[in-house]
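S.K.: using only what follows, build the 3D model:
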Amino acid sequence: MALTAPKRKRRKSRKKKKAAPNRLRFALRAGVIAVLGLFGASLLWAGYYRLAPPPGTLLMFQRKLSGDVIEHPWTPLDEISPHLVRAVIAAEDTRFCLHNGIDFEAIDKALEESKNGKRLRGASTISQQTAKNAFLWNGGGWLRKGGEAWMTVLIESFWPKRRIMEVYLNVAEWGDGHFGAEAAAQARFHKSAKDLTPNEAALLASVLPNPHKWRVDPPGPYVRSRSYTIRSRMDQISRDGLDACVWKSK
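M.R.: Reported below is the predicted structural model:
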(Lines give C-alpha, C1' and ligand atoms only; values in the text may rest on other atoms or scores of the structure.)
Protein backbone atom coordinates (compact mmCIF):
# COMPACT_ATOMS: atom_id res chain seq x y z
CA MET A 1 0.00 0.00 0.00
CA ALA A 2 2.81 2.40 0.75
CA LEU A 3 4.16 1.99 -2.77
CA THR A 4 0.89 2.80 -4.58
CA ALA A 5 0.26 6.22 -3.02
CA PRO A 6 3.13 8.05 -4.76
CA LYS A 7 2.00 6.55 -8.12
CA ARG A 8 -1.48 8.00 -7.67
CA LYS A 9 -0.02 11.39 -6.87
CA ARG A 10 2.19 11.28 -9.96
CA ARG A 11 -0.79 10.31 -12.11
CA LYS A 12 -2.81 13.24 -10.74
CA SER A 13 0.11 15.59 -11.36
CA ARG A 14 0.39 14.40 -14.97
CA LYS A 15 -3.35 14.91 -15.48
CA LYS A 16 -3.06 18.47 -14.19
CA LYS A 17 -0.13 19.19 -16.50
CA LYS A 18 -2.10 17.85 -19.47
CA ALA A 19 -5.24 19.75 -18.51
CA ALA A 20 -3.52 23.17 -18.39
CA PRO A 21 -2.30 23.12 -22.04
CA ASN A 22 -5.69 21.77 -23.13
CA ARG A 23 -7.50 24.68 -21.46
CA LEU A 24 -5.06 27.15 -23.02
CA ARG A 25 -5.57 25.66 -26.49
CA PHE A 26 -9.34 25.75 -26.00
CA ALA A 27 -9.23 29.41 -24.92
CA LEU A 28 -7.04 30.37 -27.89
CA ARG A 29 -9.28 28.46 -30.29
CA ALA A 30 -12.38 30.10 -28.84
CA GLY A 31 -10.74 33.52 -29.09
CA VAL A 32 -9.79 33.00 -32.74
CA ILE A 33 -13.32 31.81 -33.57
CA ALA A 34 -14.82 34.85 -31.80
CA VAL A 35 -12.53 37.27 -33.68
CA LEU A 36 -13.28 35.60 -37.02
CA GLY A 37 -17.00 35.67 -36.20
CA LEU A 38 -16.92 39.39 -35.43
CA PHE A 39 -14.88 40.03 -38.56
CA GLY A 40 -17.36 38.15 -40.73
CA ALA A 41 -20.38 39.74 -39.07
CA SER A 42 -18.97 43.25 -39.54
CA LEU A 43 -18.33 42.54 -43.24
CA LEU A 44 -21.89 41.28 -43.73
CA TRP A 45 -23.34 44.22 -41.79
CA ALA A 46 -21.38 46.80 -43.78
CA GLY A 47 -22.27 44.99 -47.00
CA TYR A 48 -25.97 45.00 -46.14
CA TYR A 49 -25.96 48.74 -45.37
CA ARG A 50 -24.12 49.33 -48.65
CA LEU A 51 -27.28 48.22 -50.44
CA ALA A 52 -30.17 48.72 -48.00
CA PRO A 53 -31.17 51.68 -45.78
CA PRO A 54 -30.28 51.19 -42.11
CA PRO A 55 -33.61 50.57 -40.32
CA GLY A 56 -32.40 52.48 -37.28
CA THR A 57 -29.48 53.07 -34.95
CA LEU A 58 -28.63 52.29 -31.34
CA LEU A 59 -29.11 55.96 -30.50
CA MET A 60 -32.63 55.90 -31.95
CA PHE A 61 -33.36 52.81 -29.86
CA GLN A 62 -32.10 54.58 -26.74
CA ARG A 63 -34.29 57.59 -27.52
CA LYS A 64 -37.33 55.33 -27.93
CA LEU A 65 -36.62 53.66 -24.59
CA SER A 66 -36.57 57.09 -22.95
CA GLY A 67 -40.01 57.83 -24.40
CA ASP A 68 -39.04 60.08 -27.33
CA VAL A 69 -41.00 60.00 -30.57
CA ILE A 70 -38.58 59.20 -33.40
CA GLU A 71 -38.94 60.62 -36.90
CA HIS A 72 -36.65 58.85 -39.37
CA PRO A 73 -37.80 58.89 -43.01
CA TRP A 74 -35.18 57.51 -45.39
CA THR A 75 -34.39 59.87 -48.26
CA PRO A 76 -32.15 59.03 -51.25
CA LEU A 77 -29.32 61.47 -51.81
CA ASP A 78 -30.84 62.61 -55.11
CA GLU A 79 -33.79 63.94 -53.10
CA ILE A 80 -31.62 65.95 -50.69
CA SER A 81 -30.48 69.44 -51.59
CA PRO A 82 -26.82 69.59 -52.72
CA HIS A 83 -26.63 72.72 -50.56
CA LEU A 84 -26.95 70.49 -47.48
CA VAL A 85 -24.19 68.21 -48.74
CA ARG A 86 -21.86 71.19 -49.10
CA ALA A 87 -22.99 72.58 -45.75
CA VAL A 88 -22.14 69.45 -43.76
CA ILE A 89 -18.81 69.13 -45.56
CA ALA A 90 -18.09 72.77 -44.70
CA ALA A 91 -19.15 72.29 -41.09
CA GLU A 92 -17.83 68.83 -40.26
CA ASP A 93 -15.14 67.70 -42.69
CA THR A 94 -13.78 69.96 -45.44
CA ARG A 95 -11.36 67.20 -46.50
CA PHE A 96 -14.10 64.59 -46.92
CA CYS A 97 -13.16 63.94 -50.56
CA LEU A 98 -9.42 63.96 -49.84
CA HIS A 99 -8.95 61.39 -47.05
CA ASN A 100 -9.61 57.66 -46.71
CA GLY A 101 -11.82 57.84 -43.64
CA ILE A 102 -9.38 58.91 -40.93
CA ASP A 103 -7.84 62.32 -41.54
CA PHE A 104 -4.38 62.10 -40.01
CA GLU A 105 -3.53 65.59 -41.24
CA ALA A 106 -6.46 67.04 -39.30
CA ILE A 107 -5.49 65.02 -36.22
CA ASP A 108 -1.91 66.34 -36.35
CA LYS A 109 -3.19 69.89 -36.75
CA ALA A 110 -5.57 69.54 -33.80
CA LEU A 111 -2.77 68.17 -31.59
CA GLU A 112 -0.44 70.97 -32.64
CA GLU A 113 -3.06 73.59 -31.81
CA SER A 114 -3.56 71.95 -28.42
CA LYS A 115 0.17 72.14 -27.71
CA ASN A 116 0.05 75.86 -28.50
CA GLY A 117 -2.57 76.42 -25.82
CA LYS A 118 -5.71 76.24 -27.92
CA ARG A 119 -8.69 74.09 -26.96
CA LEU A 120 -8.43 70.56 -28.33
CA ARG A 121 -10.93 70.33 -31.14
CA GLY A 122 -12.40 67.21 -32.63
CA ALA A 123 -10.90 65.73 -35.78
CA SER A 124 -13.60 63.15 -36.45
CA THR A 125 -14.44 62.82 -40.14
CA ILE A 126 -17.85 62.36 -41.72
CA SER A 127 -16.85 58.76 -42.44
CA GLN A 128 -16.06 58.16 -38.76
CA GLN A 129 -19.31 59.79 -37.68
CA THR A 130 -21.22 57.64 -40.16
CA ALA A 131 -19.55 54.49 -38.83
CA LYS A 132 -20.36 55.48 -35.24
CA ASN A 133 -23.94 56.53 -35.92
CA ALA A 134 -24.89 53.60 -38.14
CA PHE A 135 -23.18 50.74 -36.30
CA LEU A 136 -22.19 51.76 -32.78
CA TRP A 137 -23.20 53.83 -29.79
CA ASN A 138 -22.42 57.27 -28.42
CA GLY A 139 -19.80 57.76 -25.75
CA GLY A 140 -16.09 57.23 -25.31
CA GLY A 141 -13.94 54.28 -24.37
CA TRP A 142 -11.38 52.28 -26.31
CA LEU A 143 -13.89 49.61 -27.29
CA ARG A 144 -16.16 52.07 -29.06
CA LYS A 145 -13.23 53.97 -30.57
CA GLY A 146 -11.69 50.76 -31.85
CA GLY A 147 -15.00 49.64 -33.33
CA GLU A 148 -15.41 53.04 -34.97
CA ALA A 149 -11.96 52.86 -36.55
CA TRP A 150 -12.59 49.36 -37.88
CA MET A 151 -16.03 50.15 -39.30
CA THR A 152 -14.62 53.35 -40.85
CA VAL A 153 -12.00 51.30 -42.68
CA LEU A 154 -14.72 48.90 -43.87
CA ILE A 155 -17.12 51.48 -45.23
CA GLU A 156 -14.33 53.46 -46.89
CA SER A 157 -13.20 50.22 -48.54
CA PHE A 158 -16.60 48.99 -49.73
CA TRP A 159 -18.81 52.08 -49.99
CA PRO A 160 -18.37 54.98 -52.41
CA LYS A 161 -18.21 58.44 -50.87
CA ARG A 162 -21.71 59.05 -52.20
CA ARG A 163 -23.09 56.20 -50.06
CA ILE A 164 -21.23 57.39 -46.97
CA MET A 165 -22.74 60.84 -47.38
CA GLU A 166 -26.20 59.40 -48.06
CA VAL A 167 -26.16 57.28 -44.90
CA TYR A 168 -24.69 60.12 -42.85
CA LEU A 169 -27.44 62.53 -43.88
CA ASN A 170 -30.08 59.93 -43.05
CA VAL A 171 -28.90 58.91 -39.58
CA ALA A 172 -27.54 62.21 -38.21
CA GLU A 173 -29.58 63.60 -35.32
CA TRP A 174 -31.01 67.10 -35.52
CA GLY A 175 -32.65 67.11 -32.09
CA ASP A 176 -36.16 66.50 -30.75
CA GLY A 177 -36.17 62.96 -32.12
CA HIS A 178 -35.60 64.05 -35.71
CA PHE A 179 -33.09 61.84 -37.47
CA GLY A 180 -32.06 62.47 -41.05
CA ALA A 181 -32.22 65.41 -43.41
CA GLU A 182 -35.86 64.99 -44.40
CA ALA A 183 -37.13 64.89 -40.82
CA ALA A 184 -34.99 67.95 -39.94
CA ALA A 185 -36.11 69.96 -42.98
CA GLN A 186 -39.79 69.21 -42.36
CA ALA A 187 -39.54 70.02 -38.64
CA ARG A 188 -37.45 73.20 -38.90
CA PHE A 189 -38.53 74.72 -42.22
CA HIS A 190 -41.73 72.84 -43.14
CA LYS A 191 -40.35 71.77 -46.50
CA SER A 192 -38.69 68.83 -48.16
CA ALA A 193 -34.94 68.32 -47.83
CA LYS A 194 -34.55 68.72 -51.60
CA ASP A 195 -35.92 72.28 -51.39
CA LEU A 196 -33.54 73.61 -48.73
CA THR A 197 -31.89 76.92 -49.60
CA PRO A 198 -28.16 77.52 -49.00
CA ASN A 199 -28.92 79.57 -45.87
CA GLU A 200 -31.28 76.94 -44.46
CA ALA A 201 -28.72 74.21 -45.17
CA ALA A 202 -26.03 76.22 -43.38
CA LEU A 203 -28.30 76.65 -40.35
CA LEU A 204 -28.99 72.92 -40.15
CA ALA A 205 -25.29 72.08 -40.46
CA SER A 206 -24.38 74.63 -37.80
CA VAL A 207 -26.15 72.68 -35.02
CA LEU A 208 -24.84 69.21 -35.90
CA PRO A 209 -22.16 69.08 -33.18
CA ASN A 210 -24.81 69.43 -30.46
CA PRO A 211 -28.42 69.55 -31.72
CA HIS A 212 -29.78 69.49 -28.17
CA LYS A 213 -27.83 72.54 -27.08
CA TRP A 214 -28.05 74.66 -30.24
CA ARG A 215 -31.28 75.46 -32.03
CA VAL A 216 -32.29 76.38 -35.56
CA ASP A 217 -35.75 77.62 -34.58
CA PRO A 218 -34.91 80.26 -33.62
CA PRO A 219 -31.13 80.38 -34.03
CA GLY A 220 -29.17 82.09 -31.29
CA PRO A 221 -26.25 84.46 -31.88
CA TYR A 222 -23.68 81.64 -31.93
CA VAL A 223 -25.65 79.46 -34.37
CA ARG A 224 -26.32 82.42 -36.65
CA SER A 225 -22.65 83.42 -36.64
CA ARG A 226 -21.55 79.84 -37.28
CA SER A 227 -24.04 79.51 -40.14
CA TYR A 228 -22.54 82.61 -41.82
CA THR A 229 -19.08 81.01 -41.63
CA ILE A 230 -20.41 77.74 -43.04
CA ARG A 231 -22.22 79.59 -45.81
CA SER A 232 -18.99 81.24 -46.98
CA ARG A 233 -17.16 77.91 -46.87
CA MET A 234 -19.90 76.33 -49.00
CA ASP A 235 -19.12 78.72 -51.82
CA GLN A 236 -15.42 77.86 -51.57
CA ILE A 237 -16.17 74.13 -51.55
CA SER A 238 -18.28 74.53 -54.67
CA ARG A 239 -15.59 76.55 -56.46
CA ASP A 240 -12.82 74.10 -55.54
CA GLY A 241 -14.90 71.01 -56.32
CA LEU A 242 -14.36 69.57 -52.85
CA ASP A 243 -17.76 67.88 -53.02
CA ALA A 244 -17.12 66.28 -56.43
CA CYS A 245 -16.52 62.80 -54.99
CA VAL A 246 -20.11 62.72 -53.73
CA TRP A 247 -21.59 63.24 -57.18
CA LYS A 248 -19.14 61.17 -59.20
CA SER A 249 -19.33 57.95 -57.18
CA LYS A 250 -22.29 55.60 -57.53
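
S.K.: quick check: pLDDT value at residue 238.
M.R.: Predicted confidence (pLDDT) for residue 238: 92.

S.K.: name the nearest residue to it, ignoring sequence neighbours.
M.R.: Counting by C-beta to C-beta, 6 or more residues apart in numbering, residue 238 lies nearest to residue 86, which is 6.1 Å off, once chain neighbours are set aside. Yep, even glycine has a C-beta here, placed from its N, CA and C like the rest.

S.K.: dump the residue contacts of that neighbour.
M.R.: 201, 234, 237, 238, 243 (C-beta atoms under 8 Å, 6 or more residues apart in numbering).

S.K.: redo that, cut-off 6 Å
M.R.: Neighbour list for residue 86: 234, 237, 243 [criterion: C-beta atoms under 6 Å, 6 or more residues apart in numbering].

S.K.: kindly report the same for residue 196.
M.R.: Counting by C-beta under 6 Å, 6+ apart, residue 196 has contacts 81, 83, 84, 185.

S.K.: cutoff 8 Å now
M.R.: 81, 83, 84, 185, 189, 204.

S.K.: look up how far residue 242 lies from it.
M.R.: For residue 196, the distance to residue 242 (C-beta to C-beta, to the nearest Å) stands at 19 Å.

S.K.: for residue 77, same thing?
M.R.: Taken as C-beta to C-beta, the span from residue 77 to residue 242 is 17 Å.

S.K.: so what are the domain limits for the protein?
M.R.: 1-52, 56-248 (automatic domain parsing).

S.K.: straight-line length of the last one, end to end?
M.R.: Read it as domain 56-248. For domain 56-248, the first-to-last residue distance is 27 Å (C-alpha to C-alpha, to the nearest Å).

S.K.: circling back: how close does the residue nearest to residue 238 get to residue 56?
M.R.: Distance from residue 86 to residue 56, by C-beta to C-beta: 27 Å.

S.K.: go on, residue 186?
M.R.: Counting by C-beta to C-beta, the gap from residue 186 to residue 56 is 18 Å.

S.K.: repeat that for residue 196.
M.R.: Taking C-beta to C-beta, one finds residue 196 at 24 Å from residue 56.

S.K.: now do the spatially closest residue to residue 90 that is not a sequence neighbour against residue 160, distance only.
M.R.: Using C-beta to C-beta, 6+ apart and skipping residues adjacent in sequence, the residue nearest residue 90 is residue 233, 3.6 Å away. Going from residue 233 to residue 160 by C-beta to C-beta gives 23 Å.
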